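Visitor: Below are the sequence and a predicted model; questions follow.
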Amino acid sequence: MNLRHIEIFHAVYVNGSVSGAARALNVSQPSVSKMLRHAESLLGFQLFHRTNGRLVPTEDAHTLFTEVSEIQDRVYALREAGRNLKRGAGGMLKVSALPSLALNALPTAVSRFMRNHDGVRFDLQTVHHDDLLRKLYERETDVAIAYEVPHAAPIGHRWLGEGELVVLYREEDMPDAPPRIELDRLRGRPFISLANSGPIGQLFSQECARLELVLDEVISARTFYIATALVAQGVGMTVVDSFTAQASLVPGLSMRPLKPQLTFDVHAMFLLNRPPTALATDFLKTLAKVIDA
């Protein structure tokens, strides 16, 4: 099967009919039928049964669709990459960062950089760990700033610095907080959990497991922004990364690092065949200084 066969099969499977596939692909119905028959001839087995005017996938088709769907996703990514390359412009830095870094660290670095680099433009966006590779492959971003480099991914990366986990709390809830807080001190207090929020949540969960510590989790939040807003509303305390906590501080809220310290690395990631330009490299140096501060 070539890519055209795969595209036709995918369209028929998703739309349930030749006519629906033809409309989706903007081609004639006879051409869809012809390519589908040719694909079945090449494979040596039937892909669909006709039932009540619809094409019902065979068990073999269901099995094949799993593989075909992945190929279609990569073809779509290739098309998107081509469109993004066509829209590219010189002097533009396309940078993506985790929401926690985009709250304060990234804007601060951009502001400093633009003061010394006239004419440079930025295309900034937030990105979640699950979307890192897609954003890079489709050329939506040149550099992605995150905490964990995806395992076995064919991408390059540069270390920018490190952050640490901190307790974010209302001062009235813990007026006698020490300079560093042991997690055991949170036992019995209402706690807003971020255990399912990616690498930072995993780091915290592993530490709780090591300490055999069970906290009173009144809420499980999927984003740091929601967790910090709940702290401000007096719902409970939370443990977040230092970048999120610093950006969320308002009168009445405080943050304290943990004891013992729990740190994580910050990396700039990029495609191996598209390493950072000289301009991007200069910007990453500025961002590293902001992170270090």
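Guide: Yep, that arrived. Numbers count the residues shown, from 1 in each chain.

Visitor: Could I get the phi/psi values of V68?
Guide: When read as degrees, to the nearest 10, the backbone of V68 gives phi -60, psi -40.

Visitor: quick one: it and R170, what's the gap?
Guide: According to Cβ to Cβ, to the nearest Å, V68 and R170 sit 53 Å apart. Glycine gets a C-beta too; all of them are placed from N, C-alpha and C.

Visitor: Please apply the same query to L98.
Guide: From L98 to R170 the distance is 25 Å (Cβ to Cβ).

Visitor: Follow the chain on from the one helix or strand V75 maps to and name the next helix or strand.
Guide: Element membership for V75 (DSSP states H and E) is helix 59-86. Downstream of helix 59-86, the first helix or strand assigned by DSSP H and E is strand 92-97.

Visitor: what pLDDT, on average, does that next one get?
Guide: Averaged across strand 92-97, pLDDT comes to 92.

Visitor: from the chain's centre, how far out does that strand sit?
Guide: 14 Å (Cα atoms, centre = their mean, to the nearest Å).

Visitor: Equivalent analysis for stretch 65-75, please.
Guide: Offset of stretch 65-75 from its chain centre (Cα atoms, centre = their mean): 21 Å.

Visitor: Pull out the buried residues from that stretch.
Guide: For stretch 65-75, burial by neighbour count (16 or more other Cβ atoms under 10 Å) applies to 65, 68, 72.

Visitor: can you check stretch 136-154 too?
Guide: 136-149.

Visitor: And stretch 183-199, by the same measure?
Guide: For stretch 183-199, the neighbour count (16+ other Cβ under 10 Å) marks 183, 185-186, 190-195, 197-198 as buried.

Visitor: now for those residues, which pair is the farthest apart?
Guide: Pairwise distances across the buried residues of stretch 183-199 peak at 24.9 Å for R185 and G198 (criterion: Cβ to Cβ).

Visitor: what ranges do the helices span in the protein?
Guide: 3-15, 18-25, 29-43, 59-86, 99-102, 105-116, 132-137, 199-211, 224-232, 242-248, 278-292 (DSSP state H).

Visitor: now these in CSV, with distance to P175?
Guide: Listed next are those as CSV, based on distance: least, Cβ to Cβ, whole Å:
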stretch, distance to P175
helix 3-15, 59
helix 18-25, 63
helix 29-43, 71
helix 59-86, 52
helix 99-102, 27
helix 105-116, 29
helix 132-137, 41
helix 199-211, 24
helix 224-232, 15
helix 242-248, 18
helix 278-292, 31
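
Visitor: These: which one's closest to M174?
Guide: helix 224-232 (11.4 Å).

Visitor: could you give the angle of the closest one to helix 199-211?
Guide: Between helix 224-232 and helix 199-211, the angle comes out at 60 degrees (axes from the mean of the first three to the mean of the last three Cα atoms, to 10 degrees).

Visitor: distance between helix 224-232 and the chain's centre?
Guide: Chain-centre distance of helix 224-232: 20 Å, with Cα atoms, centre = their mean.

Visitor: May I have it as PDB, with CA atoms only?
Guide: Provided in PDB are the C-alpha atoms of helix 224-232 (Å, rounded to 0.1, in the frame of the first residue of the first chain):
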ATOM      1  CA  PHE A 224      -0.500  24.600  38.700                       C
ATOM      2  CA  TYR A 225      -2.500  27.700  38.000                       C
ATOM      3  CA  ILE A 226      -5.700  26.200  39.500                       C
ATOM      4  CA  ALA A 227      -3.700  24.900  42.500                       C
ATOM      5  CA  THR A 228      -2.200  28.300  43.300                       C
ATOM      6  CA  ALA A 229      -5.600  30.000  42.900                       C
ATOM      7  CA  LEU A 230      -7.100  27.500  45.400                       C
ATOM      8  CA  VAL A 231      -4.300  28.300  47.800                       C
ATOM      9  CA  ALA A 232      -5.200  32.000  47.600                       C
END
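
Visitor: Counting neighbours, what do you get for R4?
Guide: 13 (other Cβ atoms under 10 Å).

Visitor: How much space separates it from V27?
Guide: 10 Å.

Visitor: Kindly list the single helix or strand of the chain that scores lowest on mean pLDDT.
Guide: When each helix and strand of the chain is scored by mean pLDDT, DSSP states H and E, helix 59-86 comes last, with a mean of 79.
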